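Enquirer: just a sequence and a predicted model for now, questions to come.
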Amino acid sequence: MNKIIFQIVVFLLKLISLLPFSIIYLISDGLFVLLYFVLKYRRKVVRDNLKNSFPEKSADELSVIEKSFYKFLADMILESVKSITISAKELNKRYKFENLEAITSHLENGRSVIAVSGHYGNWELGSLAIGLAIQEYDTLIVYKPLSDSNFDHLINSVRSRFGTIMVPMKQTYRKVAEYKGKGRPRVLVLVGDQTPTREESRYFTNFLNQATAIFLGVEKVAVKSNDAVIYFSINRIKRGYYLCIIKPLIDYPKDTKEFEITNMHTSELEKLIREKPDYWLWSHKRWKFKPENISA
């Protein structure tokens, strides 16, 4: 029965993905109403996160950001559904990269690159678009597998439609070593704002006015591989259109101080959020642990 339900869901999602963007966004408008007014999806989490992150803002200002976030969340969900069948031509028109040479210059010289991003803008469309932007080299995207194997397979098959290679988080070092052993330069994409587990919460920094546990995976992989590190600064130009600005961070990670890379990519994300807060994943329970709880 579960397989039958799954197949029905997939069929419906594919049907929706075939609709033009004009209809997709009409559906998104309805989904916003459902999420915000009817289901009140994680409203308390979002409000607490916003209030703690922007203590200087008034209640009215926070309310505007809150509603804008839910509108974007609905758009992102429907855009991700659209990605099931979106064409390469349409994707190239809607998701562009600036300063791509910051990556290709390293690759052409035989050096691999680590690209860091966050849960900002539509990172799902970005997973598709980067595969199109760098077709001559392999692009590996590290992800955390879902507990439901059926949906995990579906999502990863969509993400890899245009050539990206999905790598389960626990296989990251193995894949990095595999490419290094073959002498093949590649791009490794990591999300830097994942919430670490309690056991992994060993480093806290001030992020959005709060002591925040930061996942150290990016820095560990970078120092071990000594690959150049860049940041994907995602900007939403307008509804359905994105510009990813590629910012060089570190050329040789082994020359850095401890936590330097972590602080750099965290700072880049905070700049984005402060400039346009609507497009970060505020519904995520980001602040689960506090330093005093970990050391206790």
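Expert: Alright, I've got the coordinates. Numbers count the residues shown, from 1 in each chain.
Enquirer: any regions of the stretch 151-296 of the chain where pLDDT drops low?
Expert: Counting by pLDDT under 70, the stretch 151-296 of the chain has low-confidence residues at 295-296.
Enquirer: now do the strands in it.
Expert: 165-168, 186-191, 204-207, 210-213, 228-238, 241-250 (DSSP state E, counting those that start in this stretch).
Enquirer: turn the ones you listed into a markdown table, including distance to Ala177 and mean neighbour count.
Expert: Any C-beta I mention is one placed from the backbone N, CA and C, and that applies to glycine too. A markdown table is the format used below for those (distance: least, Cβ to Cβ, whole Å; neighbours: other Cβ atoms under 10 Å):
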| stretch | distance to Ala177 | mean neighbour count |
| --- | --- | --- |
| strand 165-168 | 12 | 16 |
| strand 186-191 | 12 | 23 |
| strand 204-207 | 29 | 16 |
| strand 210-213 | 27 | 18 |
| strand 228-238 | 18 | 20 |
| strand 241-250 | 20 | 18 |
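Enquirer: measure how buried the closest residue to Pro277 other than its chain neighbours is and give me the count.
Expert: Setting aside the residues directly before and after it, Pro277 is nearest to Ile65 in space (Cβ to Cβ, 6 or more residues apart in numbering), at 5.2 Å. The tally of other residues near Ile65 (other Cβ atoms under 10 Å) stands at 19.
Enquirer: now the helix or strand harbouring Ile65: average pLDDT?
Expert: Taking DSSP states H and E as the definition, Ile65 sits inside helix 59-82. Averaged across helix 59-82, the pLDDT comes to 98.
Enquirer: export the very next helix or strand once past it as PDB, just CAs?
Expert: Where DSSP H and E defines the elements, the next helix or strand beyond helix 59-82 is helix 88-94. Extracted C-alpha coordinates of helix 88-94, given in PDB (Å, rounded to 0.1, in the frame of the first residue of the first chain):
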ATOM      1  CA  ALA A  88      18.000  22.800 -19.300                       C
ATOM      2  CA  LYS A  89      17.200  25.900 -21.400                       C
ATOM      3  CA  GLU A  90      14.600  27.100 -18.900                       C
ATOM      4  CA  LEU A  91      16.900  26.400 -15.900                       C
ATOM      5  CA  ASN A  92      19.800  28.300 -17.500                       C
ATOM      6  CA  LYS A  93      17.500  31.300 -18.000                       C
ATOM      7  CA  ARG A  94      16.300  31.300 -14.400                       C
END
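Enquirer: how about helix 88-94: buried residues?
Expert: 91, 94 (16 or more other Cβ atoms under 10 Å).
Enquirer: any residues touching whichever helix or strand comes after that helix, and which ones?
Expert: Remark: after helix 88-94, the chain's next helix or strand is strand 95-98, criterion DSSP H and E. The contact list for strand 95-98 (Cβ atoms under 8 Å, 6 or more residues apart in numbering) reads 122, 125-126, 128-130, 133, 241-246.
Enquirer: could you point out the helix or strand that follows strand 95-98?
Expert: Strand 95-98 is succeeded, C-terminally, by helix 101-108 (DSSP H and E).
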